[in-house]
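give me a 3D structure for the following:
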Amino acid sequence: SQGLADWAETQAPAGDPEQIAAQLGLLLAAFQTLGESDPLTWGALASPNAAGESLSDSALLFLLQQAGNSGQRGESLLAILGLIGEAGPSADQVVAFAQSMTAFSQIGLAREARELAIEAALASGI
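Have a look, this model is predicted:
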C-alpha cells in the first residue's frame, strides 16, 4: 500500500488536481509533524506529474528543509533553484529566501548565502 499516494489516486477521477495536490501537501505535513511516516516524499510532491503540475513552493520548502538538515547539497541546491528561480529572490518570497539561506549554511555554503543576501538586498532597492 502506498498510503497517501493511494488516497490521491482514489480522489483523481472526481477531484481537481490542484486541490488534491494541496491536500496531499497538507496531509504529508501533518504526518511529518505528528511523527507518522508515509512512502510519499516531498521530492515526489515537488516533481511535476504526467500533466506537468506540481505542488510547487510548499513541497519545495519541506524538501529544502529535509535536504538541508541532511546535508544533501545537490537536492538542496535544486530545491533552492525551484523556489527562488533564475531571477533570484523577491520581496514576496521571504519564507523561501530565509529557508534557502539556512540551507546554504547547512550544506557548507555560508559565504554564498551571504553573497546572495547582499545581492537580494541590493536588487530590492535597499
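
where does pLDDT dip in the protein?
1-2, 42-43, 45-56, 86, 91 (pLDDT under 70).

now the longest helix along it: buried residues?
Using DSSP state H to define each element, the chain has its longest helix at helix 17-33. Residues Ile20, Ala21, Gln23, Leu24, Gly25, Leu27, Leu28 are the ones in helix 17-33 that count as buried (16 or more other Cβ atoms under 10 Å). Any C-beta I mention is one placed from the backbone N, CA and C, and that applies to glycine too.

in JSON lines: those residues, plus distance to Leu34.
Listed next are those as JSON lines, based on distance: Cβ to Cβ, whole Å:
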{"residue": "Ile20", "distance to Leu34": "21"}
{"residue": "Ala21", "distance to Leu34": "21"}
{"residue": "Gln23", "distance to Leu34": "16"}
{"residue": "Leu24", "distance to Leu34": "16"}
{"residue": "Gly25", "distance to Leu34": "15"}
{"residue": "Leu27", "distance to Leu34": "11"}
{"residue": "Leu28", "distance to Leu34": "11"}
